[in-house]
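A.B. asks: Just need the structure, nothing else, for what follows:
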Amino acid sequence: MDTMTLWHISGGGFAALAFAALLVGFSKTAVSGANTVSLAVFAAVLPARESTGILLPVLIAGDVLAVLVYRRHAHWPTLWRLFPAVGAGVVLGTVFLLWADDAQVRTSIGAILLLMAAVTVWRRRQESAREADPDEIVTRSGRVKARSYGVLGGFTTMVANAGGPVMSMYLLSAGFRKLGFLGTSAFFFLIVNVSKVPFSVGLGLIDARSLLLDAALVVFVLPGALLGRWAVNRINQRMFEQLVIAATVVGGVQLLLR
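C.D. replies: Reported below is the predicted structural model:
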């Protein structure tokens, strides 16, 4: 594996990765799915295929922090409904990565980013002001809906660590309030991302050299998570989502044209 190590990255490149790691922490405790910007940065600074493996431990660090903060607010019936379909999506993503080269992965990440931006815009337009009980809505939403979101979420998270917007749309459509949303997504991504580690190791995306770079980047996750925890009740989320969507589109277009 030709993973870039800390010594092969320019000062500007490392600063960009450090900012992306900080944004991971922020997204995990404030705006789930905002780390699509992070994966665009990682794929731009590092080889696109290898960037998914290097980003994964950084995401797991953010997931651990989010679980510590929101562990009492998870809705486990929703999680158990999603996990089987997500597992199938992860397997499909692994098969894709077995034959895809760096250019194909980069193009796929760019396309996924644009798709996720479109999905997020669509979700925001479909949101209603009505809040309801997740148990009630998840039951009404049906197995087909859960399976379709689960497979797409598993595939996108395996190929590009980009399952956040898919799961955000599903959880919001299920009527979750802010804390329930954050708690459920925290446990969801911790379990899913940890389960992806053996696949990433088997694909050669994680090794000792990539973990060395992760060790240098993970320290930036904590301040991002603390900032997110402070901002979650103060941030203008609508404006922030607009900025995230714009940055995601720019990142996706950059990867497609690179």
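
A.B. asks: From the chain's centroid, how far away is stretch 224-238?
C.D. replies: 17 Å (CA atoms, centre = their mean, to the nearest Å).

A.B. asks: buried sites along that stretch?
C.D. replies: Residues 224, 225, 227, 228, 229, 231, 232, 235 are the ones in stretch 224-238 that count as buried (16 or more other CB atoms under 10 Å). (Each C-beta comes from the backbone N, C-alpha and C, glycine too.)

A.B. asks: isn't residue 52 right up against residue 159?
C.D. replies: Yes. With contact defined as CB atoms under 8 Å, residue 52 counts as touching residue 159 (7.1 Å).

A.B. asks: who's more crowded, these two?
C.D. replies: residue 52 (29 against 23; other CB atoms under 10 Å).

A.B. asks: before we move on, which element is the more buried one in?
C.D. replies: helix 48-70 (DSSP states H and E).

A.B. asks: what is the mean pLDDT for the helix or strand following that helix?
C.D. replies: Using DSSP H and E, the helix or strand that follows helix 48-70 in sequence is helix 76-99. Helix 76-99 carries an average pLDDT of 89.

A.B. asks: Report all helices and strands that helix 76-99 contacts.
C.D. replies: helix 134-160, helix 164-173, helix 178-202 (3 or more CB pairs under 8 Å, 6 or more residues apart in numbering; DSSP states H and E).

A.B. asks: Tell me which of these lies nearest to residue 89.
C.D. replies: helix 134-160 (2.2 Å; CB to CB).

A.B. asks: and residue 234, which of the three is it?
C.D. replies: coil (DSSP: H, G, I helix; E, B strand; the rest coil).

A.B. asks: Kindly provide the distance from it to residue 30.
C.D. replies: Between residue 234 and residue 30 the computed distance is 10 Å (CB to CB, to the nearest Å).

A.B. asks: Equivalent analysis for residue 14, please.
C.D. replies: Distance from residue 14 to residue 30, by CB to CB: 24 Å.

A.B. asks: With neighbour numbers in mind, choose between these two.
C.D. replies: Neighbours per residue (other CB under 10 Å) separate residue 14 from residue 30, with residue 30 holding more: 24 against 15.

A.B. asks: Give me the pLDDT for that one.
C.D. replies: For residue 30, pLDDT reads 83.

A.B. asks: Could you say which helix or strand holds the nearest residue to it once chain neighbours are set aside?
C.D. replies: Spatial nearest neighbour of residue 30, excluding adjacent residues (CB to CB, 6 or more residues apart in numbering): residue 228 at 3.4 Å. Assigned by DSSP H and E, residue 228 belongs to helix 221-231.

A.B. asks: Low-confidence ranges, the stretch 101-250 of the chain, go.
C.D. replies: For the stretch 101-250 of the chain, applying pLDDT under 70 flags the ranges 120, 123-124, 126-143, 145, 169, 172-175, 235-241, 243-244, 247-248.

A.B. asks: what helices or strands is the helix holding residue 228 leaning on?
C.D. replies: helix 11-29, helix 48-70.

A.B. asks: Export those helices to JSON lines and append columns for distance to residue 91.
C.D. replies: Below are the helices and strands packed on helix 221-231 laid out as JSON lines (distance: least, CB to CB, whole Å):
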{"stretch": "helix 11-29", "distance to residue 91": "25"}
{"stretch": "helix 48-70", "distance to residue 91": "16"}
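
A.B. asks: and the ones you listed, which is most packed in?
C.D. replies: helix 48-70 (a mean of 24; mean count of other CB atoms under 10 Å).

A.B. asks: report the angle between the axes of that one and helix 164-173?
C.D. replies: Inter-element angle recorded for helix 48-70 and helix 164-173: 40 degrees (by axes from the mean of the first three to the mean of the last three CA atoms, to 10 degrees).

A.B. asks: mind checking how far helix 48-70 is from the chain centre?
C.D. replies: That offset, for helix 48-70, works out to 8 Å (CA atoms, centre = their mean).

A.B. asks: re the thing from before, next, the contact list for the residue nearest to residue 30, please.
C.D. replies: 25, 26, 27, 28, 29, 30, 31 (CB atoms under 8 Å, 6 or more residues apart in numbering).

A.B. asks: This completes my enquiry, with thanks.
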